[in-house]
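[1] Sequence first, then the predicted structure:
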Amino acid sequence: MSVLILTDGSDASRQALTLARRFGDPVHAVHMDAVAPFAPDSLAAILQQVADELNAAAVFAAGTDRGNEVMARLAARAGLPLAANCVAVTPGAPAALTRLRWGGSLLEEARLHSPRPLITVAPHTVSIEEGPEPIDVDVARFVEELDERDLLVRASDHVAPQDGGVSLTTAKVIVSGGRGVGSKEGFAIIEELAGLLGAAVGCSRAVTSAGWRPHSDQVGQTGTKVAPEVYIACGISGATQHMAGLKGAKRILAINSDPQAPLMLNADYTVTGDLKEVVPAITAEIRKRT
């Protein structure tokens, strides 16, 4: 039986594709930009019609903000359950699932009783496996038949990052600051180090709550989930919701005055000390070597 996937071409979508192949062959793809600007109800309507025509065995998407939003609307339309943020799936009646709960601190083993499983795959949790590329679905006629009500909710504008810098989602290196930075102005040393490393600037939820940085900079369960080669955490304690955003980080360097802070205990490398002294020292050493 065929399988349907909603894709944006990202690594997260390719991870979802890896699990989708287990449910059938061939895999057909509807692209996230099939409706522009982004309109989740429209994409959900298209997915439902395509899935019905193909008699799809399952529908998959990456567990990104947009992927989860569209799939939740598809579930509501179809009257079917949605299993979100899965990390492993096994076809069957019912399908067996492993999914992230409580910000990634708990793995739940579950069974999905559904004639057509709707599944999103948690980003940065599945190794991408090579295999046949999905077959693109020609959605032109479905787009033409969309109801105007399906276009009521749509993206009206895109706001670029204030600093025009590197995106958190694609950054190879991220320099992130927490409450320990002390103030909005205190992020100057974080930005300077990030600039030298060609890195993105991130922050914890406490920082955005204080108004020191925009929400777009927040890393965590309620922010952006990242997968850099190196994540440098400065003055971040390491609450569960923040750690949920770091599952994909290859290496973590933590700088904190408290050696028992949760993030210090989970990092690959640690520096115990005042970040206001340590970060400038790292910056000065990098400048010497460039």
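    Nice, thanks for sending it over.
[2] so is V201 in a helix, a strand, or just coil?
    Three-state assignment for V201 (DSSP: H, G, I helix; E, B strand; the rest coil): strand.
[3] And it, what's its pLDDT?
    Note on V201: pLDDT of 95.
[4] do the same with A61
    A61 is given a pLDDT of 97.
[5] likewise Q49?
    So Q49 comes in at 96 (pLDDT).
[6] Next one: it relative to T125, how far apart?
    30 Å (CB to CB, to the nearest Å). Where C-beta positions appear, they are placed from N, C-alpha and C, glycine not excepted.
[7] same check, this time on G92
    21 Å.
[8] Look at the two and report which has more neighbours.
    Counted by other CB atoms under 10 Å, G92 and T125 do not tie: T125 has more neighbours, with 21 against 11.
[9] check contacts around that one.
    T125 makes contact with 15, 87, 100, 247-248 under the criterion CB atoms under 8 Å, 6 or more residues apart in numbering.
[10] Wasn't it part of a helix?
    No. T125: not assigned to a helix; according to three-state DSSP it is coil.
[11] And the next helix or strand past the helix or strand of the chain with the lowest mean pLDDT?
    One helix or strand of the chain scores below all others by mean pLDDT, DSSP states H and E: helix 240-243, with a mean of 87. Where DSSP states H and E defines the elements, the next helix or strand beyond helix 240-243 is strand 251-256.
[12] can you tell me the average pLDDT over that next one?
    Mean pLDDT, strand 251-256: 97.
[13] Helices along this protein, start to end?
    All helices of the chain, identified by DSSP state H, fall at 11-20, 40-54, 65-78, 140-144, 188-197, 205-209, 240-243, 262-266, 275-288.
[14] average model confidence for the fourth one?
    Average pLDDT, helix 140-144: 90.
[15] just the first one next, same as before
    When pLDDT is averaged over helix 11-20, the result is 94.
[16] the strands in the stretch 51-200 of the chain, which residues?
    59-62, 82-90, 95-101, 106-112, 118-121, 135-136, 173-177, 200-203 (DSSP state E, counting those that start in this stretch).
[17] on that earlier part again, of the helices of the chain, which shows the lowest average pLDDT?
    Mean pLDDT is lowest for helix 240-243 among the helices of the chain, at a mean of 87.
[18] which outside residues touch that helix?
    102-105, 178, 204-205, 219-222, 236, 262-263, 266.
[19] Would you mind listing the two of the residues you listed that lie farthest apart?
    For these, the farthest-apart pair by CB to CB is W102 and G178; their separation is 20.8 Å.
[20] Looking at those two, which is more packed in?
    G178 (26 against 12).
[21] List phi and psi for the spatially closest residue to the more buried one that is not a sequence neighbour.
    In space, G178 comes closest to I236 once its chain neighbours are excluded; the distance is 3.3 Å by CB to CB, 6 or more residues apart in numbering. Here is the backbone geometry of I236 (degrees, to the nearest 10): phi -110, psi 130.
[22] For I236, give me its contacts.
    176-180, 204, 242, 254, 256, 261, 263.
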